[in-house]
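Chemist: Structure for this input, please:
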Amino acid sequence: ERLGCRRWLRRLFLRGVLITLAVLILLGVGFYLSQPKFYHLLVIGSDQRNSEHARSDALMIVSIPKSKQDPLSLTMVPRDTKVEHAEKGLQKITHFYAMWDDTVDRMGNVELTQSVVEDLLDIKVHGTVEVTFDSFTDIVDTVGGVDISTGHVDGAEAQELVHNRFTQAEGDFGRAAEQREIFKAVLDKAKSPLVARKIYDYLQTSDRARLRLSMPSLISFGLAYVVGHRGVTVPAMEEVVLPGEGQRIYTPSFDKSLYYWVLDEDGTKEIMDKYLK
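Modeler: Residues are numbered from 1 along each chain as shown. Prediction:
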């Protein structure tokens, strides 16, 4: 009779363990599925040098995939991209960052810029990083300089490369290519926890750079990333630029024709479907 009771208790215990494991697995799957496919970080590089309203000189979206089946990517939004805004009318996307009230203590209108990017690409931006030319120099120096195709550069050299469009054979697009290469080199160094911590501390304390992240959502996505990649791995980053063509368009608010980058709808949709959604 005791032997039968022990067997019954053992079976009951095993059933309890199996049920608990099944519930945990279901909760884990549900948690993983509830997280977004990509975590989008919007990087805004402004041309601010003093107290004047600064435009977004560079707009990049770092898209971190939940699953290793999807690419880690860096999407560049050309600064002259044409936007038809419901309230602001015809604008270059670079202008929205400069549209803010002087009574507000800010580097630029990050909220408006974020909403325009979200509407343009039909995505949700989960965090933003704002840097100026000076803070960009500081960050490159903080990581000990970076190695790019032309050699090793320090902060001042990196700033010169990304700042002066007139020294680039391809103008703004040549400068944008330099911006992406240097930014990717900084990210590559940030794979080191020590370097990543230095960059984070700088962004938290500098008055020339700002980091806005929702920590609960970042932690949740980070856990999903670890599950989806079966560990902490950093895949190679793919790099894309929103396609289009340059056009001069009459702009009522300026009463003259301005140069715009008019997006190719089909090409942009292909990028959105592959890298952003």
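
Chemist: so where does residue 203 fall, helix or strand?
Modeler: helix 193-205 (DSSP states H and E).

Chemist: and the next element down the chain from that helix?
Modeler: Of the helices and strands lying after helix 193-205 in sequence (DSSP H and E), the nearest is strand 209-213.

Chemist: Each with direction, which strands does that following strand pair with?
Modeler: For strand 209-213, the paired strands and their directions (DSSP bridges) are strand 127-131 (antiparallel).

Chemist: Packing partners of the following helix or strand past the partner strand?
Modeler: Scanning forward in sequence from strand 127-131, with DSSP H and E defining helices and strands, the next element found is helix 133-142. The elements that helix 133-142 packs onto, with contact taken as 3 or more C-beta pairs under 8 Å, 6 or more residues apart in numbering; DSSP states H and E, are strand 38-46, helix 155-163, helix 171-189, helix 193-205, strand 209-213. For every residue, glycine as well, the C-beta is placed using N, CA and C.

Chemist: show me where this protein has strands.
Modeler: Listed from the start of the chain, the chain has strands (DSSP state E) covering 38-46, 56-65, 72-76, 82-85, 89-92, 127-131, 146-148, 151-153, 209-213, 237-241, 244-251, 256-263.

Chemist: partners of the longest one, with directions?
Modeler: Sheet pairing here is set by DSSP bridges, and for strand 56-65 it gives strand 38-46 (antiparallel), strand 72-76 (antiparallel).

Chemist: Need those in TSV (columns: mean neighbour count).
Modeler: Output for these, formatted as TSV (neighbours: other C-beta atoms under 10 Å):
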stretch	mean neighbour count
strand 38-46	23
strand 72-76	20
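
Chemist: Next, format the ones you listed as CSV and append distance to residue 158 and mean pLDDT.
Modeler: As requested, these are exported to CSV (distance: least, C-beta to C-beta, whole Å; pLDDT from 0 to 100):
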stretch, distance to residue 158, mean pLDDT
strand 38-46, 12, 92
strand 72-76, 17, 92
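
Chemist: nearest to residue 225, of those strands?
Modeler: Between residue 225 and the strands paired with strand 56-65, the shortest gap by C-beta to C-beta is with strand 38-46, which sits at 7.7 Å.

Chemist: Residues touching stretch 240-251, excluding its own?
Modeler: For stretch 240-251, contacts defined as C-beta atoms under 8 Å, 6 or more residues apart in numbering pick out 73-78, 80-82, 90, 173, 176, 256-264, 267-268, 271, 275.

Chemist: surely residue 176 meets residue 78?
Modeler: Yes: the pair residue 176 / residue 78 is scored as a contact, 6.9 Å apart, by C-beta atoms under 8 Å.

Chemist: residues near the nearest residue to residue 40 once chain neighbours are set aside, how many?
Modeler: Here the nearest residue to residue 40 in space, its sequence neighbours aside, is residue 125; by C-beta to C-beta, 6 or more residues apart in numbering that works out to 5.0 Å. The tally of other residues near residue 125 (other C-beta atoms under 10 Å) stands at 18.

Chemist: Spit out the contact partners of residue 125.
Modeler: Remark: with contacts taken as C-beta under 8 Å, 6+ apart, residue 125 is in contact with 40-42, 61, 114, 117-118.
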